[in-house]
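**Q** got a sequence here, can you model it:
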Amino acid sequence: MTSENIRRQLKRAALLLVPLTLTLMLLFLDDPNKSICGEIAILRSKFWESSGNLKLTQHTTQHLNNKSILDVPPSQEWIQKRLQETRIMLGYPAITHSTIWNCSQPRHTYYFPNINTIFTGIPKSGCSNWILLLLQAEGALDNSTVQPGANEVDIVHTEYSNKYRLDRNDNPARATRAARRNVLSFTVVRNPWVRLVSGYMDKLTGQGDKNRRFDYLAGFIARDMNKRDGVRGWTAKYPTFDQFVRWLPDNMGRGIVNDHFTPQYRTLCIPAANYDYVLPLEFASYYSTEIIQKINTTFQLWGSYDKTADPRTQTSALKAKEWLSGQDPALIDRIYKIFEPDFALMNYSSFDHPDFPLPLYNPDNYIHT
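**A** Numbering: from 1, shown residues only. This is a model prediction of the structure:
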């Protein structure tokens, strides 16, 4: 083939690529409100699928026999596969069973010997209600006046539960020995976008938790952002949500960021340990019955987690859609990358998805039985 023929072939190929390039551009530009986070997830999904690595798919969740997706929770088989793939994504080897409970953040993991149960409580993922239930089942509250309710949160997290934390006494060794005797281990996770918004509303607005340490953090963020934004009078006590989400990515590596706002995977006891159950908070009302049967107690979860309310219409989810949709897409992508393993763990939907904040899976293949 002559050089002239080669040039003609290359020119023809270039012309054929123009419509494809324009089509791809229009896919991203036809809707100015489209979340870049969702598009990035789709592109990453295609790469990971072809490379055999973790898949993050933002497809529309399928329904089964006209049932609501809320009636068909993801099975633990599917969740365990996600856990293993997330473990590999973080650079750790996959494991199927472990008797070692040596956690990087042991103060969030508890061992209750009377009911032979290990629980990792991730802040803002329903941990207070679960710890209260486990304390009741353990018999730790038999002689106390603690009653389920928001006013008892601090007591539950300190006075009664401290001795069960894995950072106390010989609890790690006791938990490791118990793991050889069929201990029940579980944790609860939550859609990262909703957890972020819920944490802000509860801890940084003055309307929820009255703990002074959160008031200090709120004031610090507000003053820091007012100074950055050139706002006079740095006396604000609480940041706006816009200030909070702009502050967070720049300060995630600093010790001032509370565990209520750090990625959930950092609290989990990985890579060493493996959980029998990982419960998505969005389906906690479904799975709580199974856990309660496993620990053989008649106590029930208190609060919103034992109700059948649709998580897609709860306040935190609606606020997440409203507040996050108005943010700079570049900022959304920065936050997404920080919490990417959390999204991967349950293949969680983004805030522009119709089934937000549910996990995205195929119920035809993964039905809880």
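**Q** next helix or strand past the lowest-mean-pLDDT helix or strand in the chain?
**A** Least confident helix or strand of the chain, by mean pLDDT, DSSP states H and E, is helix 36-51 with a mean of 38. Using DSSP states H and E, the helix or strand that follows helix 36-51 in sequence is helix 76-89.
**Q** by contact count, what packs against that following helix?
**A** strand 277-280, helix 340-346 (3 or more CB pairs under 8 Å, 6 or more residues apart in numbering; DSSP states H and E). Bear in mind the C-beta positions are built from the backbone N, C-alpha and C, glycine included.
**Q** among these, which comes closest to Gly91?
**A** helix 340-346 (10.6 Å; CB to CB).
**Q** per-residue confidence for Phe339?
**A** Per-residue pLDDT puts Phe339 at 97.
**Q** show me where the stretch 251-369 of the chain has its helices.
**A** Secondary structure of the stretch 251-369 of the chain by DSSP state H, counting those that start in this stretch: the helices cover 284-295, 315-325, 329-338, 340-346.
**Q** list the buried residues for the third one?
**A** For helix 329-338, burial by neighbour count (16 or more other CB atoms under 10 Å) applies to Ile332, Arg334, Ile335, Tyr336, Ile338.
**Q** most tightly packed of the helices of the stretch 251-369 of the chain?
**A** Neighbour counts (mean count of other CB atoms under 10 Å) averaged over each of these peak at helix 340-346, with a mean of 24.
**Q** which strand is the longest one in the protein?
**A** Under DSSP state E, the strand in the chain containing the largest number of residues is strand 184-189.
**Q** just checking, what packs against that strand?
**A** strand 117-120, strand 277-280, helix 284-295, helix 340-346.
**Q** from the middle of its chain, how far away would the longest one be?
**A** Meaning helix 284-295. Distance of helix 284-295 from its chain centroid, counting by CA atoms, centre = their mean, to the nearest Å, is 20 Å.
**Q** direction-wise, compare it with strand 184-189 and give the angle.
**A** Angle of helix 284-295 versus strand 184-189, following axes from the mean of the first three to the mean of the last three CA atoms, to 10 degrees, is 170 degrees.
**Q** restricting to C-alpha, output helix 284-295 in PDB.
**A** The C-alpha coordinates for helix 284-295 follow below in PDB (Å, rounded to 0.1, in the frame of the first residue of the first chain):
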ATOM      1  CA  ALA A 284     -32.000  -3.100  58.700                       C
ATOM      2  CA  SER A 285     -35.700  -3.600  59.600                       C
ATOM      3  CA  TYR A 286     -35.700  -6.800  57.500                       C
ATOM      4  CA  TYR A 287     -32.400  -8.200  58.800                       C
ATOM      5  CA  SER A 288     -32.900  -7.200  62.400                       C
ATOM      6  CA  THR A 289     -35.300 -10.100  62.900                       C
ATOM      7  CA  GLU A 290     -32.700 -12.600  61.800                       C
ATOM      8  CA  ILE A 291     -30.000 -11.100  64.000                       C
ATOM      9  CA  ILE A 292     -32.400 -11.000  67.000                       C
ATOM     10  CA  GLN A 293     -33.100 -14.700  66.500                       C
ATOM     11  CA  LYS A 294     -29.400 -15.500  66.300                       C
ATOM     12  CA  ILE A 295     -28.600 -13.900  69.600                       C
END
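**Q** quick one, that helix and helix 76-89 angle?
**A** 100 degrees.
**Q** and helix 284-295, what does it pack against?
**A** Contacts defined by 3+ CB pairs under 8 Å, 6+ apart place helix 284-295 against helix 127-138, strand 184-189, strand 277-280.
**Q** what sits against the residue nearest to Leu281 when sequence neighbours are not counted?
**A** In space, and not counting its chain neighbours, Leu281 is closest to Arg190: 4.2 Å by CB to CB, 6 or more residues apart in numbering. Applying CB atoms under 8 Å, 6 or more residues apart in numbering, one finds that Arg190 lies in contact with Ile122, Lys124, Ser125, Gly126, Ser198, Gln264, Pro280, Leu281, Glu282, Pro357.
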